[in-house]
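Undergrad: Here is my input, please return the structure:
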Amino acid sequence: MKKRLITAIIFVAVMFAGMLSGKQSFAALFGVITALCLWEFFDMVFEDGLKRDLTRKIIAISFGMLPYAAVSLLHLNAWGLAPQQLFLVSFALLPLVFLCFIFELFSKSEHPFHNVALTLLGMTYISAPFSMLNLIAFNGDSFSPNIVMGLLFLIWSNDTGAYLVGSRFGRTKLLSRISPKKTWEGFIGGMALTFLVSWGLSSYYTEIRTTDWLVLAGISSVFGTIGDLVESMLKRSFEVKDSGTLLPGHGGFLDRFDAFMFLIPFATAYLLWIRYTGQDFIITP
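TA: Residues are numbered from 1 along each chain as shown. Okay, the predicted model is just below:
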């Protein structure tokens, strides 16, 4: 328990220091998290242990980072490029994905297209959601990490509420085939705490309305829980207990961000909808 608590304190401190130190540190923080999640994912799914497998993992991580790199490049614009130039530079990164086909052509693998599919799955499942955080935090030349921080609070609240209520009152299994410990009582407890926290967040993070924070609470509870179940399904498919050991007492990075990754696309869709339909979604420089 002590190790778990120390890890959690350091983890939270690093997360918020990275987000609050500016847009470059924000992009770097989630870039590192994306890379570590990709490493754990590919370490799990490429399992033959041969030397070529290490090469495949490194190549797959490089390909997997492309969506995050492209979107971050568009928003950071460190070189002062014109919008058309930025688009062309970002778009030019995408054909590099097809290099994974060339690698498999010469890898002598018995399942080359299986490996290509897993590489592309890593991009879709991990890198693409994290890249969407830039769409939330950046609006033109303006940057604010507040809503991203709020989403992290919501997903942590959902996990905490589900654990506290589920461990004490849980009786009705949510999806025992995938996760025997999850219960409907825990899900309801997690949702209740998430709605309560979202109401509190609306007083501090005023870029969006209280109603919008409540909607995000619902999105976080539903899709965060589904994301956790999806990662449990992944681990069961490859017969592993934790995605990694980088966070003592907490497993791996993929274990910590599975729910967050899954809610990001749905939260982003909602936030962009209220931003571009004239709702109160304001980011101040």
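
Undergrad: Helix or strand: which one has residue 208?
TA: Using DSSP states H and E, residue 208 falls within no helix or strand.

Undergrad: Would you agree residue 216 is in contact with residue 148?
TA: No: using C-beta atoms under 8 Å, residue 216 is not in contact with residue 148; the gap is 11.2 Å. The C-beta positions use only the backbone N, C-alpha and C, and glycine is treated the same way.

Undergrad: More neighbours: which of the two?
TA: Higher neighbour count among residue 216 and residue 148: residue 216, with 24 against 21, using other C-beta atoms under 10 Å.

Undergrad: so which helix or strand takes in that one?
TA: Assessed by DSSP H and E, residue 216 sits inside helix 210-237.

Undergrad: Report the buried residues of stretch 196-213.
TA: 197-198, 201-202, 205, 207-208, 212-213 (16 or more other C-beta atoms under 10 Å).

Undergrad: Also stretch 169-185?
TA: 170, 174, 178-179, 182-183, 185.

Undergrad: Show the end-to-end separation of that stretch, please.
TA: End-to-end distance of stretch 169-185 (C-alpha to C-alpha, to the nearest Å): 7 Å.

Undergrad: pLDDT of stretch 134-144, averaged?
TA: Stretch 134-144 shows a mean pLDDT of 85.

Undergrad: could you dump the buried residues of stretch 196-213 to CSV with distance to residue 54 and pLDDT?
TA: Below are those laid out as CSV (distance: C-beta to C-beta, whole Å; pLDDT from 0 to 100):
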residue, distance to residue 54, pLDDT
197, 42, 96
198, 43, 96
201, 43, 95
202, 47, 93
205, 43, 92
207, 43, 89
208, 44, 92
212, 45, 95
213, 44, 96
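
Undergrad: ok, which pair from these is furthest apart?
TA: 197 and 207 (16.5 Å; C-beta to C-beta).

Undergrad: Point out where the protein drops to low pLDDT.
TA: Applying pLDDT under 70 to the chain flags residues 1-4, 47-52, 77-94, 248-250, 278-285.

Undergrad: would you list every one of the strands in it?
TA: Taking DSSP state E to define them, one finds strands in the chain at 138-139, 142-143, 173-175, 179-183.

Undergrad: Residue 104: which of these is closest?
TA: Comparison of the strands of the chain against residue 104 by C-beta to C-beta identifies strand 179-183 as nearest, at 33.3 Å.

Undergrad: what's the closest one packed up against?
TA: helix 146-169, strand 173-175, helix 210-237 (3 or more C-beta pairs under 8 Å, 6 or more residues apart in numbering; DSSP states H and E).

Undergrad: Pull the distance from that strand to the chain's centre.
TA: Its chain's average C-alpha position is 22 Å from that of strand 179-183, according to C-alpha atoms, centre = their mean, to the nearest Å.

Undergrad: now do stretch 219-231
TA: With C-alpha atoms, centre = their mean, you get 11 Å for stretch 219-231.

Undergrad: Just the residues contacting that stretch, thanks.
TA: By C-beta atoms under 8 Å, 6 or more residues apart in numbering, the residues outside stretch 219-231 that reach it are 151, 154-155, 157-159, 162, 174-175, 178-179, 182, 187, 190-191, 194-195, 198, 243, 254-255, 258-263, 266-267, 270.

Undergrad: Filter these down to just the buried residues.
TA: Listed as buried from these are 151, 154-155, 157-159, 162, 174, 178-179, 182, 187, 190-191, 194-195, 198, 243, 254-255, 258-263, 266-267, 270; burial here means 16+ other C-beta under 10 Å.
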